[in-house]
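Q: coords below, sequence missing:
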């Protein structure tokens, strides 16, 4: 993953772009009927059950919109919530609260859904040594928010983007002329560019795993679309020489079985691409 400073910059970009998109030249609805001097107070009301996420992001949004807005936090990120819970109160300029409302809700509803789903996977893995990873199957433009939500839910972030890890998958291997060629070219490239990036290599069958095991400098083997029995055999074959990761259509129903095969990680795009937003609202009080 990228550094915290890079991640923080991504969040700043998301907020600035979202405000540009939603507010533009001004919130004319509020400007038309609410005096600039009006003060108000609103609560973040939960209308669903799950794990709350995005509280800290909401604070950043409110601060970006208006540094004088005050937030009183009652429930922190990563806490279980139920219907009618109040997560926080925000107080200050009524116009500012309304300007921030939709961005806060859109982000928190999606982040909470992702955190909730991730936590379901985490609970399925309790008692094993396997951790759940996210993927790059995220919503364009808000990847940082979605990966933040995965962490809040107890998951582990995979690479952030194409630039912070070497990940040699089927097409890279085929275009490079084979696994050994792809790995050697990747190592030479990293040396030439003076880059310190981990190398993950996807294996489609046992022959490819055996070929990877003949190479040096690999961080993790991605055991892709293997059956449970074959995954177990693959882990035995690798024998802790490299870290192992299972991927390929892994669901909440199947994740435990893959973990019991002994892999170090399981990755699932479903954490971010198949969620239903948690129902939240921001209500004046």
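A: Right, received. Where do you want to start? Worth saying up front: this structure is predicted, and the values here are computed from it rather than measured. Numbers count the residues shown, from 1 in each chain.
Q: Just checking, which helix or strand of the chain averages the lowest pLDDT?
A: Counting by mean pLDDT, DSSP states H and E, the weakest-scoring helix or strand in the chain turns out to be helix 270-273, with a mean of 94.
Q: Residues in contact with that one: which ones?
A: The contact list for helix 270-273, computed with C-beta atoms under 8 Å, 6 or more residues apart in numbering, reads 114, 117-118, 121, 132, 134-135, 137-139, 146-147, 150, 153, 155, 250-252. Any C-beta I mention is one placed from the backbone N, CA and C, and that applies to glycine too.
Q: List the buried residues for that helix?
A: Using 16 or more other C-beta atoms under 10 Å as the burial criterion, the residues of helix 270-273 that qualify are 270-272.
Q: Dump these to JSON lines, plus distance to residue 29.
A: Shown next, in JSON lines, are those (distance: C-beta to C-beta, whole Å):
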{"residue": "270", "distance to residue 29": "37"}
{"residue": "271", "distance to residue 29": "36"}
{"residue": "272", "distance to residue 29": "32"}
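Q: what's the closest of those residues to residue 218?
A: Closest approach to residue 218 among the buried residues of helix 270-273 (C-beta to C-beta): residue 271, at 24.9 Å.
Q: can you give me the strands in the protein?
A: Taking DSSP state E as the criterion, the chain contains strands spanning 39-46, 50-51, 70-73, 80-81, 86-93, 131-133, 166-168, 199-203, 220-224, 243-247, 265-267, 280-284.
Q: Tell me which other helices or strands the second one touches.
A: Okay, so that is strand 50-51. On a contact count with 3 or more C-beta pairs under 8 Å, 6 or more residues apart in numbering; DSSP states H and E, strand 50-51 meets strand 80-81, helix 94-124.
Q: at 6 Å what do you get?
A: Contacts defined by 3 or more C-beta pairs under 6 Å, 6 or more residues apart in numbering; DSSP states H and E place strand 50-51 against helix 94-124.
Q: Strand 39-46 and the helix it packs on, what's the angle between them?
A: In terms of direction (axes from the mean of the first three to the mean of the last three C-alpha atoms, to 10 degrees), helix 94-124 departs from strand 39-46 by 20 degrees.
Q: For helix 94-124, what is the distance to the chain centroid?
A: Helix 94-124 sits 12 Å away from the centroid of its parent chain (C-alpha atoms, centre = their mean, to the nearest Å).
Q: start at 500 instead
A: Okay, residue one is now 500; in that scheme the one you just asked about reads as helix 593-623.
Q: in it, what counts as buried?
A: Residues of helix 593-623 classed as buried: 593-600, 602-621, 623 (neighbour count, 16+ other C-beta under 10 Å).
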